[in-house]
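K.L.:
A structural model of the following input is requested.
(one chain, ligands or ions: 2)
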Amino acid sequence: MSTIPQTVLDQLELQSIELPSWAFGNSGTRFKVFATPGTPRDPYEKIADAAQVHRYTALAPTVALHIPWDKVDSYDDLRKHAEDLGVALGTINSNTFQDDDYKFGALTHEDAAVRRKAIDHHFECIDIMHATGSRDLKIWLAEGSNYPGQADLRGRQDRLHESLQEIYARLGDDQRLVLEYKFFEPAFYHTDVPDWGTSYAQVAALGDKAMVCLDTGHHAPGTNIEFIVMQLLRLGKLGSFDFNSRFYADDDLIVGAADPFQLFRIIFEVIRGGGFNHPDVAFMLDQCHNVEDKVPGQIRSVLNVQEMTARALLVDTEALRTAQVSGDVLEANRIFMDAFYTDVRPALAEWRESRGLPADPMAAFAASGYLQEIAADRVGGVQAGWGA
Ligand code: PSV
Ligand code: MN
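P.N.:
Ligands and ions are numbered 1, 2, ... in the order given. So this is what the prediction gives:
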């Protein structure tokens, strides 16, 4: 059985991964949304489910909210509810993609009145951040065009800058803005923030409190994501991750499910660049569970991140460096792969038990009967869903 050095365990103990509230609601494709018994009907129930993930793993102390999906009468009350359950409220996600006014854009729209509405929505999000104690405002824009000639690409980029400037100016001293990029969808010809370079150019023009959010599912197949991680860390602009995995497009599947080796390589670069357990770089999940149970889907996800982090921390960096400097290609690759192929699961199970956590969080959660309980209790009302 592999053992994990205490220095690595000490770093793992500090790891935290934020959960998205929308992972606990129903979701699906544009073909069908399957309902699950016990699905939360409001933000309070979503937070209760998220707290279960933290309870069994000690890995997920915060929950991200999405506005307006998670609007409540009192954010103070929601904050207390979360604290009573042992978690805190995290990133606030804005939403400018589900209103008819935004058909041709929001922050980039030709019409100043639509831009005003979208900027005001972000002001509302910032007000909520003050009440929830959240640090980060995450902006993902669904803006772009479908046909060449449809839009003035340059004008939209300039308007985006102006709109972001207004939002940025409204942030409190301890608040940040993270701008997410995505190469396509829902627009198919051009997207206004399609890549890390555009996001970087926009946030660099704003100031220190604006950073890039890297969603692992938002790149073309074959993209070397760990290179982008390295570059953004080097530039001091990697603000957060949205972890998930993809086989084809923005699949939002369980992180580490499609390509665990890619996750390992990404986390290795985070560690190498000083971003691991660093307050600048938030680890978050952005996933949907369409066919699997949601709470265990999230437990599996945070465990996948923890396992790949443990392996990445096991890389013998001194030996790797020696091999790199001496041009020993195969030895460098062996050292890297040795760490990746180390099965850390038994050692992590033992370590969990030593900290009063279940050795197998998936099994412990299944045995707890929580899913059966919520299925029996949560009757009536309308189940929450992605977009509802
Ligand atoms: C849409 O692609 C998306 O998944 C973005 O990644 C956002 O982070 C998320 O929705 C929530 O708005
Ligand atoms: Mn995302």
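
K.L.:
In the stretch 251-388 of the chain, which residue sits nearest ligand 2?
P.N.:
Going by C-beta to the ion, ligand 2 is nearest to D286 of the stretch 251-388 of the chain, at 3.6 Å. Yep, even glycine has a C-beta here, placed from its N, CA and C like the rest.

K.L.:
which element follows the one helix or strand Q262 maps to toward the C-terminus?
P.N.:
Per DSSP states H and E, Q262 falls inside helix 260-272. Scanning forward in sequence from helix 260-272 by DSSP H and E, the next helix or strand is strand 282-285.

K.L.:
which one is the residue of the stretch 1-150 of the chain found nearest ligand 1 nearest to, not counting chain neighbours?
P.N.:
Relative to ligand 1, the nearest point of the stretch 1-150 of the chain is W140 (3.9 Å; C-beta to the nearest ligand atom). Spatial nearest neighbour of W140, excluding adjacent residues (C-beta to C-beta, 6 or more residues apart in numbering): E180 at 4.1 Å.

K.L.:
Would you mind measuring from the one you found to ligand 2?
P.N.:
Distance of E180 to ligand 2, computed by C-beta to the ion, to the nearest Å: 5 Å.

K.L.:
same check, this time on I92
P.N.:
14 Å.

K.L.:
can you check D99 too?
P.N.:
Counting by C-beta to the ion, the gap from D99 to ligand 2 is 19 Å.

K.L.:
Tell me the pLDDT of that residue.
P.N.:
Note on D99: pLDDT of 97.

K.L.:
Verify the stated contact: the residue of the stretch 1-150 of the chain closest to ligand 1 with E185.
P.N.:
No. Counting by C-beta atoms under 8 Å, E185 is not a contact partner of W140; they are 11.2 Å apart.

K.L.:
For ligand 1, what's its nearest residue on the stretch 251-388 of the chain.
P.N.:
Closest point on the stretch 251-388 of the chain to ligand 1, by C-beta to the nearest ligand atom, is D286, at 4.7 Å.

K.L.:
Would you check that that residue makes contact with L214?
P.N.:
No. With contact defined as C-beta under 8 Å, D286 does not count as touching L214 (10.6 Å).

K.L.:
Quick check: the residue nearest to the spatial centre of the chain vs T216, distance?
P.N.:
Nearest to the geometric centre of the chain sits D242, at 2.5 Å (C-alpha atoms, centre = their mean). The gap separating D242 from T216 is 7 Å, by C-beta to C-beta, to the nearest Å.

K.L.:
Quick check: closest non-adjacent residue to A347.
P.N.:
Closest residue to A347 in three dimensions, ignoring its sequence neighbours and counting by C-beta to C-beta, 6+ apart: I4, at 4.6 Å.

K.L.:
whoops, I mixed them up, A58
P.N.:
Distances taken as C-beta to C-beta, 6+ apart put L357 closest to A58, at 5.7 Å, once the chain neighbours are dropped.

K.L.:
So what's the gap between the helix or strand hosting Q372 and the chain middle?
P.N.:
Element membership for Q372, per DSSP H and E: helix 370-377. Helix 370-377 sits 27 Å away from the centroid of its parent chain (C-alpha atoms, centre = their mean, to the nearest Å).

K.L.:
How about stretch 356-372?
P.N.:
In terms of C-alpha atoms, centre = their mean, the gap separating the centre of stretch 356-372 from the centre of its chain is 24 Å.

K.L.:
buried stuff in that stretch?
P.N.:
Residues L357, P358, D360, P361, A364, F365, Y370, L371 are the ones in stretch 356-372 that count as buried (16 or more other C-beta atoms under 10 Å).

K.L.:
Just name the closest of the residues you listed to P296, please.
P.N.:
Here the nearest of these to P296, counting by C-beta to C-beta, is F365; it sits at 5.9 Å.

K.L.:
Not counting its neighbours along the chain, what's nearest that closest one?
P.N.:
Counting by C-beta to C-beta, 6+ apart, Y56 is the residue found nearest to F365 once chain neighbours are left out, at 5.0 Å.

K.L.:
So that neighbour, which state does it fall into?
P.N.:
Counting by DSSP: H, G, I helix; E, B strand; the rest coil, the backbone at Y56 sits in helix.

K.L.:
One more: D76?
P.N.:
When classified by three-state DSSP, D76 comes out as helix.
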